[in-house]
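# attaching a predicted model along with its sequence, questions to come.
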Amino acid sequence: MLILLALAASLVACGEAAPGPPATDASAQLADEPTAVRDARAALASGRPWRATLLLTPYLADTTRREPEVVLLAARAAAQWGGWSEVERLLRNERWLDSLERGAGRELLARAALDMRRDTVAVDHARRAVAVRRVDEVEVGVGRLGDVRVGRDDR
């Protein structure tokens, strides 16, 4: 149990899930985003997570606009200002946690649980986040191996 708790703590220390989507998708994504979401991203990027939360709260209140990427953005904003109960509220019932951005939402839930002193819950979320990342790493590794075999190694 202590090892798993240390694993959860290492996820917090590394903060690997904090980055957003890859830069290659950023310009296309921004062009299609509603103003509130675009402004929230800008606020978060400029170190104003509370402002990002204020911008996203009314947007997410409309369930027809509650897209996973926007919910994750709101959870990241809440995490940056220490709103761990808000992170938990935003993410706890989402079905996409393991499929979006390598389990970033799962890591945020682990960090939230640690902050709320819910160690067992934190360990569970941390385990699941690490499992998602391992699967992704294996898939990337297999893809690279296939590229090398057919002579497409671009390193």
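Cool, got the structure.
# where does the protein dip in pLDDT?
With pLDDT under 70 as the threshold, the chain has low-confidence stretches at 1-31, 134-155.
# would you map the helices across it?
Here the chain has its helices, by DSSP state H, at 2-14, 23-32, 35-45, 49-61, 68-80, 84-91, 104-115, 119-149.
# what residues sit buried inside the shortest one?
The one in question is helix 84-91. Neighbour-count burial for helix 84-91 flags 84, 86, 87, 88, 90, 91 (criterion: 16 or more other CB atoms under 10 Å). Where C-beta positions appear, they are placed from N, C-alpha and C, glycine not excepted.
# which ones are touching the fourth one?
When the contact criterion is CB atoms under 8 Å, 6 or more residues apart in numbering, the partners of residue 88 are 109, 112, 113, 116.
# whichever of the residues you listed end up buried, select them in PyMOL.
Of these, the buried ones go into a single PyMOL selection, burial set by 16+ other CB under 10 Å:
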select buried, resi 109+112+113
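# distance to residue 38 added to the contacts of residue 88, as JSON lines?
Shown next, in JSON lines, are these (distance: CB to CB, whole Å):
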{"residue": "109", "distance to residue 38": "26"}
{"residue": "112", "distance to residue 38": "26"}
{"residue": "113", "distance to residue 38": "31"}
{"residue": "116", "distance to residue 38": "31"}
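# what residues are up against the residue nearest to residue 74 when sequence neighbours are not counted?
Counting by CB to CB, 6 or more residues apart in numbering, residue 74 lies nearest to residue 56, which is 4.3 Å off, once chain neighbours are set aside. For residue 56, the contact set (CB under 8 Å, 6+ apart) comprises 36, 37, 40, 70, 73, 74, 77.
# what do you get for residue 36?
By CB under 8 Å, 6+ apart, the contact list for residue 36 reads 55, 56, 58, 59.
# try 7 Å
Contacts here follow CB atoms under 7 Å, 6 or more residues apart in numbering; on that basis residue 36 touches 55, 56, 59.
# let's have the residues you listed in JSON lines, adding distance to residue 102.
JSON lines is the format used below for these (distance: CB to CB, whole Å):
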{"residue": "55", "distance to residue 102": "25"}
{"residue": "56", "distance to residue 102": "22"}
{"residue": "59", "distance to residue 102": "25"}
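# what's the closest of those residues to residue 104?
Comparing those against residue 104 with CB to CB places residue 56 closest, at 16.1 Å.
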